[in-house]
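Asker: what would the 3D arrangement of this be:
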Amino acid sequence: MALSAQDKILYVANKLGLSTLNQMQGSTGAVYDVDTELSGQIFTSASRHQNPSVTNITQNEFEVNEALLVETIGFYVGSGGSAQNIQQFYGSNAVIVYDLIIGNKRVMKDTPVFSAGSPYTFATAGKQIIDTGGDFPVTQVYFPRHQTFMEGAGVLIPPQVQWYIDYRIFNVVTGAIIAPDVNSEIGCYLFGTRVLLNFNTSI
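Answerer: Predicted structure coming up:
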């Protein structure tokens with residue numbers, strides 16, 4: 001029998017000695033941030049630019065009774081105040097390779113995310129019918145390749161532990177490192193099951 005997201009959160013919490021986590025309420029949650037300095041790190045400087053168009057966190061560390069089981073990691077390009085497709089700036093040969101660091105541990109290493117896709121693939125993933133004007137519509141498949149899905153696994157970010165993303169952009173054909181476009185910013189979001197302190201025992 002597969003473990004639920006709540007089971008995984010409680011298992012890790014018990015190993016860490018967080019005995020009050022079972023008094024928390026679980027729900028879908030997401031954190032996001034943009035590397036406005038093009039430093040190659042995301043989430044490390046969130047406190048310096050608190051702005052809903054850039055980030056929804058004030059620090060890269062959860063409070064005492066707060067945690068996030070990450071089930072999806074996605075990247076996008078921010079430019080002109082809007083999120084845009086990565087390949088608009090870096091071309092179809094671009095690939096982002098990233099590490100997820102929690103505390104002082106690299107829990108995901110050299111994970112590739114290809115440029116095809118857009119920030120809206122949660123809404124557009126799967127088959128879409130495109131009307132080409134002929135007798136038969138054409139079915140096209142859009143794969144959300146700018147994301148890493150961790151179905152059935154997930155990575156838990158526990159309370160009071162700092163986390164961040166290290167990333168590099170490569171040309172997947174030549175292997176060369178692609179310098180960040182100064183007219184854009186790389187953004188990232190972590191999406192999954194989030195738990196917050198609540199008086200109701202719900203997990």
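
Asker: show me where this protein has strands.
Answerer: Taking DSSP state E, the strands of the chain run over residues 24-35, 41-42, 66-79, 82-84, 94-102, 105-114, 126-130, 138-142, 147-149, 155-157, 163-171, 185-197.

Asker: other SSEs contacting the first one?
Answerer: Contacting strand 24-35 under the criterion 3 or more CB pairs under 8 Å, 6 or more residues apart in numbering; DSSP states H and E are the following elements: helix 5-16, strand 41-42, strand 66-79, strand 185-197. Where you see a C-beta, it was placed from the backbone N, CA and C, and this is true even at glycine.

Asker: recalculate using a threshold of 7 Å.
Answerer: If contacts are counted by 3 or more CB pairs under 7 Å, 6 or more residues apart in numbering; DSSP states H and E, strand 24-35 sits against strand 41-42, strand 66-79, strand 185-197.

Asker: between it and strand 163-171, how many degrees?
Answerer: Using axes from the mean of the first three to the mean of the last three CA atoms, to 10 degrees, one finds that strand 24-35 and strand 163-171 are set 40 degrees apart in direction.

Asker: so what strands line up beside strand 24-35?
Answerer: Under the criterion DSSP bridges, strand 24-35 sits next to strand 185-197 (antiparallel) in its sheet.

Asker: can you point out the buried residues in the partner strand?
Answerer: By 16 or more other CB atoms under 10 Å, the buried positions in strand 185-197 come out as 185-195.

Asker: any idea of the angle that strand forms with strand 105-114?
Answerer: With the same axes, to 10 degrees as the basis, strand 185-197 and strand 105-114 are set at 130 degrees to each other.

Asker: now do stretch 156-174: everything it contacts.
Answerer: By CB atoms under 7 Å, 6 or more residues apart in numbering, the residues outside stretch 156-174 that reach it are 8-9, 12, 16, 18, 40-44, 60-70, 90, 93-103, 176-178, 180, 186, 188.

Asker: find the least confident helix or strand in the chain, judged by mean pLDDT.
Answerer: helix 121-124 (a mean of 40; mean pLDDT, DSSP states H and E).

Asker: quick one on the thing from earlier: closest to residue 52 out of the strands of the chain?
Answerer: Closest approach to residue 52 among these (CB to CB): strand 24-35, 9.7 Å.

Asker: return the alpha-carbon coordinates of that closest one using PDB.
Answerer: Once non-C-alpha atoms are left out, strand 24-35 reads as follows in PDB (Å, rounded to 0.1, in the frame of the first residue of the first chain):
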ATOM      1  CA  MET A  24      -1.500  20.300  11.800                       C
ATOM      2  CA  GLN A  25      -3.700  20.800   8.800                       C
ATOM      3  CA  GLY A  26      -2.500  19.700   5.400                       C
ATOM      4  CA  SER A  27      -3.300  21.400   2.100                       C
ATOM      5  CA  THR A  28      -1.900  22.100  -1.300                       C
ATOM      6  CA  GLY A  29       0.800  24.700  -1.200                       C
ATOM      7  CA  ALA A  30       3.500  26.300  -3.200                       C
ATOM      8  CA  VAL A  31       6.500  28.600  -2.700                       C
ATOM      9  CA  TYR A  32       8.100  30.600  -5.500                       C
ATOM     10  CA  ASP A  33      11.000  33.000  -6.000                       C
ATOM     11  CA  VAL A  34      13.000  34.600  -8.800                       C
ATOM     12  CA  ASP A  35      16.700  35.000  -9.100                       C
END
